[in-house]
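Asks: Could you work out the structure for the sequence below:
(chains A and B)
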Number of protein chains: 2
Amino acid sequence: MNTKSCITGLVCPKCNKPYNHRELQHLCQCGSPLLAEYDPERAAKTVNPGIIKSRPATLWRYAELLPVLDSENIVSLGEGFTPLTPLPRIAGKYDLGNLYMKDEGIIPTGTFKARGAAVGVSKAKELGVRDVAMPTNGNAGAAWAVYAARAGISAHILMPEDAPLITRNESVAAGAQVHLVRGLISDCGKILARSIPANGWYDVSTLKEPYRIEGKKTMGYEIVEQLDWQVPDIIAYPTGGGVGIIGIYKALLEMRRLGWIGDKLPRLVAVQAEGCAPIVEAYRKKAGESEFFPHSQTIAFGINVPKALGDFLVLKAIYETEGCAVAVSENEITNAILELASLEGTFVCPEGAAAMAGLKKLRDAGWLKAEKTTVLLNTGAGIKYPDTLKFDLPYCPVDGTI
Amino acid sequence: MNTKSCITGLVCPKCNKPYNHRELQHLCQCGSPLLAEYDPERAAKTVNPGIIKSRPATLWRYAELLPVLDSENIVSLGEGFTPLTPLPRIAGKYDLGNLYMKDEGIIPTGTFKARGAAVGVSKAKELGVRDVAMPTNGNAGAAWAVYAARAGISAHILMPEDAPLITRNESVAAGAQVHLVRGLISDCGKILARSIPANGWYDVSTLKEPYRIEGKKTMGYEIVEQLDWQVPDIIAYPTGGGVGIIGIYKALLEMRRLGWIGDKLPRLVAVQAEGCAPIVEAYRKKAGESEFFPHSQTIAFGINVPKALGDFLVLKAIYETEGCAVAVSENEITNAILELASLEGTFVCPEGAAAMAGLKKLRDAGWLKAEKTTVLLNTGAGIKYPDTLKFDLPYCPVDGTI
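Replies: Predicted structure coming up:
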């Protein structure tokens, strides 16, 4: 069945060269990632917020603004429409106005990587792909592995040996071919680049195929829909590769062209760890691109990306919305995990905690005002990170009392 | 704001003694758990499937059939309306007709325990409880800890020292007072029973308070709603304490009285591990209660319950729906995990895999017919069980290819 997708093609955001969405594409010849384009007039005629409200609570409710043409190709595990959870106690404690957390832990595989994988694998299936391949720090690999399994596509995955055990197990259980590497994700990427020509696999590394971002952008649609089609004042996003913030910005521009929101956009805030802050450094210099951040290190494994392929798009999203970039310490991250869990009952991943810590810092500095409506992205469930916290617990003897 | 809850009271399913829902209650004087009762005529006038469809996708959409009276007391992290995922490949492979999995991994804390905790904590808050206390094998404790934190209620938790590390960390991060015990959950229960009188805590052990089951029953409402208000032929449930199957049966009876479904009910199937199968043994003997299952052991930790307080209610649900009980081996559980992940992309907990294995067994035996619509319950995300699977993975040298 026709999804009524209004996709018209792909375009390079750097050199404007157009590409055909009916064929497999990777990067632009100029080296930039490609972005999908839609016909806003046709979309506005086909669908509107009222129609969307009546649809199932998955990201596929935005089908007209997604790239899959035939619903037979949709590979779904029920992903999307994650909760927008109010955080009233933390908002009160830090004078943060209306504070919400978009909780991407409540999604298949427990991280927002599921969105990119669901849409990316669906489109790969539609284009006849039989094998996908990628380097990963864990969560993206697990997400692509399970969606590929559901699609009947083979997955070939390279992981650093210190990637979380659970993401390894998820990938292998799903039937992916997983190789470990005594090195970094960048070493995995190099091995993959050498291996692909002989094997003919489809390279689905971050931003090297154009549809992962289409899945991620649905976070932007959902936030606005869940606020009853009002945009918040601020969206804070823990930024590694930056696909989410690029996607949210893309969604905001699309909604504006569709007439679903007004001219005003939220200010987009990229939060990074002090141990890996290339976007923050570029922002301080008002640069259009980031520089490689050497010897990067942070417990927020998912935002340990020393140089992102889409850095110029992240920075553009920040500058054009009058947002900012801010770095937080490891201690601030750990404290935010504990504060979110004990005050609000939300057990988040270190990356989500970093976003919270960033907001506290911006409020302290006065950049953030008390009366604002703010949304922070928690990109995954705390349960995927069993080793982040260490507690010494008391024992009670079997014949004792507490 | 009034939730329009149609609760009228509590009743003992064993001796029919009524209890007041406006006061704190535990077990009946006769030792049985209590069940909440609703006014079906008032409910049928207040709400119907069409109205429910327009509400947010959480379990609170069934507010009229839930015990909370004032919406101010609802403690929510966005739980419920989990996916009902089709399993077409496994259905094809084993000739299982229309096969669906209710995926309770996609919920706060990653297990269905969130439902019982959300409703149980909300009602405890409404009744003025300041401290809850419970013994746990891990997941229930984590769920009650986070919801209690959100409610501003203190939680006191006793866990065997071999409970999963991640559930410990969730509970402690949420601010619960956690004590470890070198023993079983039954030892934890005894310590708690000794400790409660001096402390005045509210005992929220399984079925000892009446509202956890009200949260769990929403799985039954959701399954029927997601099948467009048609009941499936079979619902298979991995059975430990059995609160879920008791709750689903209760929901089915309620929906029948509301006129939302016809007379026919699904046949309810309790699946247990061969290493802990008290309900299966009772079913074989056509007994109304189970006997303590000695030296119980299984990798499906959540269904390692040698004697459940609500066993008679589980057996009643099975007998009255012409269901059955079946036990599966550890190998069958592990194989089902791998099969669900590699064929369908669903990475489930061992308990969910047990339910799948039980269905295969019943189809082999001819008890289950090919043309049926069957729903199996996956009670939690596979990512909560990092140690269930062990894989030896190949390494690729940094200068190699794959």
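Asks: Up against chain B, what does the stretch 151-300 of chain A have?
Replies: A:151, A:156, A:158, A:161, A:165-166, A:168-170, A:172-175, A:177-183, A:187, A:190-192, A:194-195, A:198 (C-beta under 8 Å from any C-beta of the partner chain). For glycine as for every other residue, the C-beta is placed from the backbone atoms N, C-alpha and C.
Asks: May I see the ChimeraX selection of the buried members of those?
Replies: Restricted to buried positions by 16 or more other C-beta atoms under 10 Å in any protein chain shown, the ChimeraX selection for these reads:
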select /A:151,156,158,165,166,168,169,170,172,173,174,175,177,178,179,180,181,183,187,190,191,192,195
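Asks: Among the residues of the stretch 151-300 of chain A next to chain B, name the ones in helices.
Replies: The members of those that map onto helices under DSSP state H are A:151, A:165-166, A:168-170, A:172-173, A:187, A:190-192, A:194-195, A:198.
Asks: how about those residues, which pair is most distant?
Replies: Across these, the longest distance by C-beta to C-beta is 31.1 Å; it joins A:166 and A:198.
Asks: residue nearest the centroid of chain A?
Replies: residue A:244 (3.7 Å; C-alpha atoms, centre = their mean).
Asks: helix, strand or coil for it?
Replies: Assigned by DSSP: H, G, I helix; E, B strand; the rest coil, the conformation of residue A:244 is helix.
Asks: out of everything not next to it in sequence, what's closest to it?
Replies: Computed as C-beta to C-beta, 6 or more residues apart in numbering or on different chains, the closest residue to residue A:244 that is not its neighbour in sequence is residue A:216, at 4.9 Å.
Asks: would you list every one of the strands in the stretch 1-150 of chain A?
Replies: A:7-11, A:18-19, A:35-38, A:84-86, A:98-103, A:131-135 (DSSP state E, counting those that start in this stretch).
Asks: Dump those to CSV, plus distance to residue A:394 and mean pLDDT.
Replies: Below are those laid out as CSV (distance: least, C-beta to C-beta, whole Å; pLDDT from 0 to 100):
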stretch, distance to residue A:394, mean pLDDT
strand A:7-11, 58, 98
strand A:18-19, 61, 98
strand A:35-38, 54, 98
strand A:84-86, 31, 98
strand A:98-103, 31, 98
strand A:131-135, 43, 97
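Asks: To residue B:30, which of those lies closest?
Replies: Of the strands of the stretch 1-150 of chain A, nearest to residue B:30 by C-beta to C-beta is strand A:84-86, at 40.8 Å.
Asks: I'd like to know which elements that closest one is packed against.
Replies: strand A:98-103, helix A:212-226 (3 or more C-beta pairs under 8 Å, 6 or more residues apart in numbering or on different chains; DSSP states H and E).
Asks: Need the ones you listed in TSV (columns: mean neighbour count and distance to residue A:305).
Replies: Converted to TSV, the helices and strands packed on strand A:84-86 look like this (neighbours: other C-beta atoms under 10 Å in any protein chain shown; distance: least, C-beta to C-beta, whole Å):
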stretch	mean neighbour count	distance to residue A:305
strand A:98-103	24	20
helix A:212-226	26	14
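Asks: Would you format the ones you listed as CSV with distance to residue A:81 included?
Replies: Output for these, formatted as CSV (distance: least, C-beta to C-beta, whole Å):
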stretch, distance to residue A:81
strand A:98-103, 11
helix A:212-226, 6
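Asks: show me the residues around residue A:354 that make contact.
Replies: If a contact means C-beta atoms under 8 Å, 6 or more residues apart in numbering or on different chains, then residue A:354 has A:238, A:271-273, A:300, A:303, A:328, A:332-333, A:336 as its contacts.
Asks: So it versus residue A:334, what's the distance?
Replies: 10 Å (C-beta to C-beta, to the nearest Å).
Asks: How about the contacts made by the residue nearest to the centre of chain A?
Replies: A:112, A:216, A:219, A:237, A:377, A:379.
Asks: Which single one of those residues is nearest to chain B?
Replies: Closest approach to chain B among those (C-beta to the nearest C-beta): residue A:112, at 13.0 Å.
Asks: what number of residues lie near that closest one?
Replies: Applying other C-beta atoms under 10 Å in any protein chain shown, we find 34 residues neighbouring residue A:112.
Asks: ok, now residue A:344?
Replies: Using other C-beta under 10 Å: residue A:344 sits among 24 other residues.
Asks: Same question for the one 5 residues further on.
Replies: Applying other C-beta under 10 Å, we find 28 residues neighbouring residue A:349.
Asks: Does residue A:7 touch residue A:40 like I think?
Replies: No: at 11.6 Å, residue A:7 does not count as touching residue A:40 under the criterion of C-beta atoms under 8 Å.
Asks: Which residues of the stretch 1-150 of chain A lie near chain B?
Replies: Neighbours of chain B within the stretch 1-150 of chain A, by C-beta under 8 Å from any C-beta: A:57-58, A:75-78, A:81-85, A:103, A:105-110, A:142, A:146-150.
Asks: at 7 Å instead, please
Replies: A:57, A:77-78, A:81, A:83, A:85, A:103, A:106-108, A:110, A:146-147, A:149-150 (C-beta under 7 Å from any C-beta of the partner chain).
Asks: Could you tell me how many residues sit around whichever residue of the stretch 101-250 of chain A sits closest to chain B?
Replies: Nearest residue of the stretch 101-250 of chain A to chain B, counting by C-beta to the nearest C-beta: residue A:150, 3.1 Å away. Applying other C-beta under 10 Å, we find 28 residues neighbouring residue A:150.
Asks: Skipping adjacent residues, who's closest to it in space?
Replies: Distances taken as C-beta to C-beta, 6+ apart place residue B:345 nearest to residue A:150, at 3.1 Å, with adjacent residues excluded.
Asks: Am I right that residue A:235 sits in a strand?
Replies: Yes: Residue A:235 forms part of a strand when assessed by three-state DSSP.
Asks: Surely it is in contact with residue A:245?
Replies: No: when contacts are counted by C-beta atoms under 7 Å, residue A:235 is not listed as touching residue A:245 (8.1 Å).
Asks: Identify the contacts common to those two.
Replies: residue A:268 (C-beta atoms under 7 Å, 6 or more residues apart in numbering or on different chains).
Asks: pLDDT wise, what is residue A:302 at?
Replies: Listed pLDDT for residue A:302 reads 89.
Asks: picking up where we left off before, just list the residues touching the residue of the stretch 101-250 of chain A closest to chain B, thanks.
Replies: Going by C-beta under 7 Å, 6+ apart, residue A:150 touches A:75, A:77, B:344-345.
Asks: What backbone torsions are found at the residue of the stretch 301-402 of chain A found nearest chain B?
Replies: Going by C-beta to the nearest C-beta, chain B is nearest to residue A:345 of the stretch 301-402 of chain A, at 3.1 Å. Backbone torsions for residue A:345, taken as degrees, to the nearest 10, come to phi 80, psi 10.
Asks: doesn't residue B:79 make contact with it?
Replies: No: counting by C-beta under 7 Å, residue A:345 does not reach residue B:79; the two are 10.9 Å apart.
Asks: Count the neighbours of the closest residue in space to residue A:210 that isn't next to it in sequence for me.
Replies: In this structure, residue A:210 finds its nearest non-sequential neighbour in residue A:34, 4.3 Å apart by C-beta to C-beta, 6+ apart. Number of residues near residue A:34 (other C-beta under 10 Å) recorded here: 25.
Asks: Let me know the average pLDDT across stretch A:345-364.
Replies: What stretch A:345-364 shows for mean pLDDT is 98.
Asks: ok, now stretch A:306-313?
Replies: Stretch A:306-313 comes out at a mean pLDDT of 94.
Asks: got the CA positions of that stretch in PDB?
Replies: What follows is stretch A:306-313, C-alpha atoms only, in PDB (Å, rounded to 0.1, in the frame of the first residue of the first chain):
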ATOM      1  CA  PRO A 306      35.800  13.600  18.400                       C
ATOM      2  CA  LYS A 307      34.800  14.800  14.900                       C
ATOM      3  CA  ALA A 308      31.400  14.300  13.500                       C
ATOM      4  CA  LEU A 309      30.700  14.100   9.800                       C
ATOM      5  CA  GLY A 310      27.700  16.300  10.200                       C
ATOM      6  CA  ASP A 311      29.400  18.900  12.500                       C
ATOM      7  CA  PHE A 312      28.600  21.800  10.100                       C
ATOM      8  CA  LEU A 313      24.900  20.900  10.100                       C
END
